[in-house]
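In: sequence below, structure please.
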Amino acid sequence: MVIENAINVYTDGSSFSHPRSGGIGIRLVIVDALGQEECQDMVLPEYAGATNNQMELKACITGIREAMLAPGFGSVGRIVVHSDSQYVLGNRDRAFFSWSRNGWRNFDGKPAENASLWKELLKTVKAVNAFGKRVEFRWAKGHAKD
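Out: Residues are numbered from 1 along each chain as shown. Here you go, the predicted model:
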């Protein structure tokens, strides 16, 4: 579902196990206050040695950064990230509110997986907030027509 007065960032990440390499896909859908829509697809490089979860995070980070560079960024109130990643959506609040406060350690005291990417995502969201805009995350069904 495309949200109006927003830059909608559709993201996906994936990886192959042999040889280990990953990739990300991003589509920006900008809908202005008048309901006019513009789409932009990102062509991105391959990432050697990456896992699927790393690519899902990298897709969100890159998508938000690209949205900030989009011509419509100044005229919308928010960026809405649409992701099918249960990993990203299920751990976002933990990363932003728990892990970031307890030395990037999980509930068991072990280091949080992919902490450097979670830190990068948090920093990117804060950069959007500095412009007086917010970032929302929404689940999108994978392999659907959304």
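
In: what lies in contact with the helix or strand of the chain with the lowest mean pLDDT?
Out: The weakest-scoring helix or strand in the chain, judged by mean pLDDT, DSSP states H and E, is strand 47-48 (a mean of 88). Outside strand 47-48, the residues within contact range by C-beta atoms under 8 Å, 6 or more residues apart in numbering are 19-24, 54-55, 58. To be clear about C-beta, it is placed using only N, CA and C from the backbone, and glycine gets the same treatment.

In: ok, of these, which come out buried?
Out: With neighbours counted using 16 or more other C-beta atoms under 10 Å, these contain these buried positions: 22-24, 54-55, 58.

In: what is the nearest of the residues you listed to Asn102?
Out: Gln54 (21.8 Å; C-beta to C-beta).

In: from Ser21, how far out is that closest one?
Out: 11 Å (C-beta to C-beta, to the nearest Å).

In: joint contacts of those two?
Out: With C-beta under 8 Å, 6+ apart, Gln54 and Ser21 have common neighbours 15, 47.

In: quick one: contacts for the residue nearest the centre of the chain?
Out: Nearest to the mean C-alpha position of the chain, by C-alpha atoms, centre = their mean, lies Cys60 at 1.7 Å. Cys60 is in contact with 9, 11, 81, 83, 85, 88, 121, 137, counting by C-beta under 8 Å, 6+ apart.

In: could the buried ones among the contacts of strand 47-48 go into a markdown table alongside distance to Phe107 and pLDDT?
Out: Converted to a markdown table, the buried ones among the contacts of strand 47-48 look like this (distance: C-beta to C-beta, whole Å; pLDDT from 0 to 100):
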| residue | distance to Phe107 | pLDDT |
| --- | --- | --- |
| Gly22 | 27 | 94 |
| Gly23 | 31 | 94 |
| Ile24 | 28 | 95 |
| Gln54 | 21 | 96 |
| Met55 | 25 | 96 |
| Lys58 | 25 | 97 |
